[in-house]
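# I'd like to go over a predicted model; first the sequence, then the structure.
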Amino acid sequence: MLRHLTSVLVAATLATGSVPAQPRVRVEQADVSMYVIGAVARVSARYTFAGNPGAMSFEYLEQPCTIVGPVQLESDGKAVPYTAERTGPWVRLHDTSAVDPGRTSLRYQFRYDVKLAATDVSVPIVVPTSALVGTRRGEPIATIHATLPPSARVIFPRMAFTTFTRSWSARMAALPSAARFAGPGMPNEKCWLEPKNSGGLARIFWALVATLALWVPLYMWWANRQRPAA
Amino acid sequence: MTSTQVTAFYVCVAAYVAVVCLIGLRHYRKTTSEEGFLVAGRSLGPIVGGATLMANQVSAGATIGMVGFHYFSGISYAWTWPLVWIGWLVCALFVAPKMRGLAGVTLPDYFAARYDSRAARGIAAVFILVAYTVMLSAQYQAGGLLFTLVGGMSYTKAVLLVAAITTVYTFLGGMYSNAYVGVLKAVMLLGCYMLAVPFLIRHIGGIDALGNALHALDPRLTGNWFGVRQLLAISLAIGLGLACAPYEISAIYSMQNRQIVRQAIGYSFLFQSFIAIGVLIFGLAMRVAVPHLPDPDLATPMLGMSILPAGIGLLVLMAAVVTFTRTGGAILLTVASAMSHDLYAKLMVPNASERAKVLAGRIAVVTFSVIPVMLALRQLSLVNWIVIYAAKLLVSFLFVPVVLGLNWKRATRAGALAAMIGGLVTCLVWLAKRQPYVLGLDAAEAGVLVSAALFFGVSMITKPVAEENLRTFFPRALS
């Protein structure tokens, strides 16, 4: 009975199809390095994919107070042609080179500079548009390194400072869309990215908050009016 | 996480185990009677009671599974909170006062008293054993996943550790432990959301910037990924299921009186409001901050391990640990009470002493903690889906004979049995069809409709229940 019940539950779960299948790609190496010198962050991202993942796409999230310079894309030391497509604050980069059906692994290296214009600023990271998976669920598969000016620090994601190398690093189960830094040695201008189309998220969010906030006192008022009973 | 942070996590887990054991030991001497062990001597006040109701409802399905849901589907799923609360209103209006008036120990006590039926008690107890064992496996699975990710422990050991924590404090303090660990859970969840949500919103650049990034990823994230039809179906299953959920009924039995029960439901709403906003922001912010997680259920563990500052991250991880062990404790106590109180003490050995009943309860706690471990090791689907489908079966089985039976005195024993079995079979058939909305109905809706039709139809043609059984539930009509 129990076995039947669980198999029915699983079957029904799969049947709904409500969980979108995130495209996945097996990764052997995913390293992101950042060197922040003055008002510029020099970023290098290396990805080695196992097997033949086909035509790859990448993306980065545009951040306020930053200007991402030309992105150089190489594969095995050769420049790779790509097209860039903007969707809201996301910029998608599509590898347009011909797919070699016989390849058994694929390496990419991105290099780009990011001009920084604030003391508290997020540096975009070019990440694959597919989820990266290792051999085990939730296994750390990506490494991030950051070398910052003295007294500057990483706010996001959580990274550990190594005194010996005077750099910050973290191993993570997935790559963040940006790394945020704060501290002296960076310029301090006020700037922000003008939201173009938020899809009414703020309106829906505050409507939800108002619904929850109203519900509680209204219910308590009713509950306290009820006649006490033993 | 660095080795220092992993060590800090295990130190906090050890401290948590020590605290819950102390809570259990402190109340151990109060649990020498069955009433003390299973319903905390009916001593809970409104705030502790509210925390208990909330802590039963907000399971790993919410703190891990719902965050994953918001991660892949956006904001629309958040409307299930106020919709589910309609179920709590049904409970406050039509269920809780009469249930508290009965002063039973388990939900099957109601079936025995209302319908004068040992068969109804037995069937309800067996169903609770099966369905809640599956639900308990979801808590173990979520816990196993978290410990595996954070501590690098093997999944099997992690599931065993979670099962051990859950079992120990439930074994020691029964409902007392569950109530006060529920308060701890409320404090930890509120603390972690109050600290983490402002950090995440600031990092993303505010709600508008969050909406901008999400809308560009997929417009449905800021709109209706789940349509009104789906939200109503899920909320109906969970909300109406809560109105008759065995562990919530046990919590209601544990409160001082009917007025306290109503107030406790209000405090539960208050706690849940904060949790709803926290869970929502966690999911949405993670979709922008880490847009390509291999598994949505990883959103909460990754927030705690890699994204938030170490202190807040540790609080998020510990809140998750408290969540699935506490909800696991409530489910385990419900399963154990169905075994020890309903099957053992009421059906098999009616003359059992109080001491024997408490001992049977403790043995059942240990025994029924082991079975879900085996299920959890099979790693079923997303945690929240397990909870949703178990809820659909529960509402199809219990809602009509409990909620309508409490408010329609013509309902009969045969009607209740037909409603329970018919509702359950219908829901299973709908689920087995493997496609949503067969004949335009969700599985839970079909189950409840068939259950109601059988309940009314069979009751009208069978012999009414004796008035002495109805007096507790319809005192005015029969005075």
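Sure, I can see it. Residues are numbered from 1 along each chain as shown, chains lettered A, B, ... in the order given.
# residues contacting the closest residue to chain A within the stretch 51-200 of chain B?
For the stretch 51-200 of chain B, the residue closest to chain A is B:Leu149, as judged by C-beta to the nearest C-beta, at 4.4 Å. Glycine gets a C-beta too; all of them are placed from N, C-alpha and C. When contacts are counted by C-beta atoms under 8 Å, 6 or more residues apart in numbering or on different chains, B:Leu149 is found next to A:138, A:173, B:298, B:301-302, B:305.
# B:Gln272: which of these is nearest?
When these are compared for distance to B:Gln272 (C-beta to C-beta), B:Pro301 wins out at 22.2 Å.
# buried residues in the longest helix along chain A, which are they?
In chain A, taking DSSP state H as the definition, the longest helix is helix A:201-225. The neighbour-count criterion (16 or more other C-beta atoms under 10 Å in any protein chain shown) identifies A:201-202, A:204-205, A:208, A:211-212, A:215-216, A:219-220, A:223 as the buried residues of helix A:201-225.
# again, but for stretch A:171-188
The neighbour-count check on stretch A:171-188 (16+ other C-beta under 10 Å) flags A:171-183, A:186 as buried.
# which other residues reach stretch A:38-51?
Under C-beta under 8 Å, 6+ apart, the answer for stretch A:38-51 is A:25-36, A:56, A:104-117, A:123, A:125-128, A:149, A:181, A:185-187.
# would you mind checking the residues you listed for buried ones?
Burial of those was assessed by neighbour count (16+ other C-beta under 10 Å); the buried members are A:25, A:27, A:30, A:32-34, A:36, A:56, A:106, A:108-114, A:116-117, A:123, A:125-128, A:181, A:186.
# and chain B, which of those contact it?
When C-beta under 8 Å from any C-beta of the partner chain is taken as the criterion, the members of the buried ones among the contacts of stretch A:38-51 that contact chain B are A:127-128.
# filter the buried ones among the contacts of stretch A:38-51 down to the ones in strands?
A:25, A:27, A:30, A:32-34, A:36, A:106, A:108-114, A:116, A:123, A:127-128, A:181 (DSSP state E).
# so where's the chain shaky on pLDDT?
Using chain A. Residues of chain A that meet the criterion pLDDT under 70 lie in A:1-22, A:135-138, A:184-195, A:227-230.
# that's the other chain; I wanted chain B
Across chain B, residues meeting the criterion (pLDDT under 70) sit at B:379-387, B:434-438, B:477-479.
# what about the top helix by length along it, near chain A?
Ranked by residue count, the top helix of chain B under DSSP H comes out as helix B:155-204. Yes: shown here: helix B:155-204 in contact with chain A (C-beta under 8 Å from any C-beta) through B:His203.
# moving C-terminal from that helix, which element do we reach first?
For helix B:155-204, the succeeding helix or strand toward the C-terminus, using DSSP states H and E, is helix B:207-217.
# contact partners of that following helix?
Counting by C-beta under 8 Å, 6+ apart, helix B:207-217 makes contact with A:61, A:64, A:87-90, A:193, A:195-202, A:205, B:74, B:201, B:204, B:221-222, B:284-285, B:287-288, B:291, all of which sit outside it.
# report the inter-axis angle for it versus helix A:201-225.
Taking axes from the mean of the first three to the mean of the last three C-alpha atoms, to 10 degrees, helix B:207-217 and helix A:201-225 form an angle of 120 degrees between their directions.
# my guess is B:Leu293 is in a strand, correct?
No: according to DSSP: H, G, I helix; E, B strand; the rest coil, B:Leu293 belongs to no strand; its state is coil.
# how close does the residue nearest to B:Leu439 when sequence neighbours are not counted get to chain A?
Leaving aside its sequence neighbours, B:Leu439 sits nearest to B:Ala446 (C-beta to C-beta, 6 or more residues apart in numbering or on different chains; 7.3 Å). Computed as C-beta to the nearest C-beta, to the nearest Å, the B:Ala446 to chain A distance reads 13 Å.
# next, count neighbours for B:Ala446.
Applying the criterion other C-beta atoms under 10 Å in any protein chain shown, we find 23 residues in the vicinity of B:Ala446.
# is it in contact with B:Cys427, as I believe?
Yes: because the distance of 6.7 Å satisfies C-beta atoms under 8 Å, B:Ala446 is recorded as touching B:Cys427.
# find residues that contact each of these two.
Common neighbours of B:Ala446 and B:Cys427, using C-beta under 8 Å, 6+ apart, are B:Ser396.
# those helices in chain A, which residues are they?
According to DSSP H, chain A carries its helices in the segments A:2-16, A:201-225.
# list the helices and strands the last one packs on?
Taking 3 or more C-beta pairs under 8 Å, 6 or more residues apart in numbering or on different chains; DSSP states H and E as the contact definition, the neighbouring helices and strands of helix A:201-225 are helix B:80-90, helix B:207-217, helix B:258-289.
# just put these in TSV and tack on mean neighbour count.
Putting these into TSV (neighbours: other C-beta atoms under 10 Å in any protein chain shown) gives the following:
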stretch	mean neighbour count
helix B:80-90	21
helix B:207-217	24
helix B:258-289	25
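# what about the buried residues of stretch A:171-188, which are in strands?
In this view, these that belong to strands under DSSP E are A:171-172, A:178-182.
# how much space separates the residue nearest to B:Thr156 when sequence neighbours are not counted from chain A?
Counting by C-beta to C-beta, 6+ apart, B:Thr156 lies nearest to B:Leu377, which is 6.2 Å off, once chain neighbours are set aside. As defined by C-beta to the nearest C-beta, B:Leu377 lies at a distance of 12 Å from chain A.
# skipping its backbone neighbours, what lies nearest B:Leu129 in space?
Nearest in space to B:Leu129, with sequence neighbours left out and distances taken as C-beta to C-beta, 6+ apart, is B:Ala338 at 5.3 Å.
# tell me, how many residues neighbour the one you found?
Other residues lying near B:Ala338 total 27 when counted by other C-beta under 10 Å.
# that one is in contact with B:Ile128, isn't it?
Yes: taking C-beta under 8 Å as the definition, B:Ala338 is a contact partner of B:Ile128 at 4.4 Å.
# what do those two both touch?
When contacts are counted by C-beta under 8 Å, 6+ apart, the set common to B:Ala338 and B:Ile128 consists of B:108, B:246.
# in the helix or strand containing B:Asn469, what's buried?
Element membership for B:Asn469, per DSSP H and E: helix B:467-470. Across helix B:467-470, burial judged by 16+ other C-beta under 10 Å covers B:469-470.
# can you check stretch B:352-367 too?
B:352, B:357-358, B:360-362, B:364-365.
# closest one of those to chain A?
Nearest to chain A among those, with distances taken as C-beta to the nearest C-beta, is B:Ala364, at 16.4 Å.
# and the strand or helix carrying that closest one with helix B:155-204, angle?
According to DSSP H and E, B:Ala364 maps onto helix B:354-376. Here helix B:354-376 points in a direction 70 degrees away from that of helix B:155-204 (the same axes, to 10 degrees).
# got the contact list for helix B:354-376?
Surrounding helix B:354-376, the residues in contact under the criterion C-beta under 8 Å, 6+ apart are A:2, A:6, B:31-34, B:36-38, B:129, B:133-134, B:136-141, B:144, B:159-160, B:163, B:166-167, B:170-171, B:174, B:332-333, B:335-337, B:339-341, B:344-345, B:349, B:352.
# send me that helix as CSV with only the CA atoms.
As requested, the backbone C-alpha atoms of helix B:354-376 are provided in CSV (Å, rounded to 0.1, in the frame of the first residue of the first chain):
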residue,chain,number,x,y,z
GLU,B,354,-2.0,5.1,31.6
ARG,B,355,1.6,3.9,32.0
ALA,B,356,1.2,1.3,29.3
LYS,B,357,-0.4,3.8,27.0
VAL,B,358,2.4,6.3,27.4
LEU,B,359,5.0,3.5,26.9
ALA,B,360,3.1,2.4,23.7
GLY,B,361,3.2,6.0,22.5
ARG,B,362,7.0,6.2,23.1
ILE,B,363,7.6,2.9,21.3
ALA,B,364,5.4,4.1,18.4
VAL,B,365,7.5,7.3,18.2
VAL,B,366,10.6,5.3,17.7
THR,B,367,9.1,2.7,15.4
PHE,B,368,7.3,5.1,13.1
SER,B,369,10.4,7.3,12.9
VAL,B,370,12.3,4.4,11.1
ILE,B,371,9.8,3.8,8.2
PRO,B,372,10.0,7.3,6.7
VAL,B,373,13.8,7.0,6.8
MET,B,374,13.5,4.2,4.2
LEU,B,375,11.2,6.3,2.1
ALA,B,376,13.5,9.4,2.4
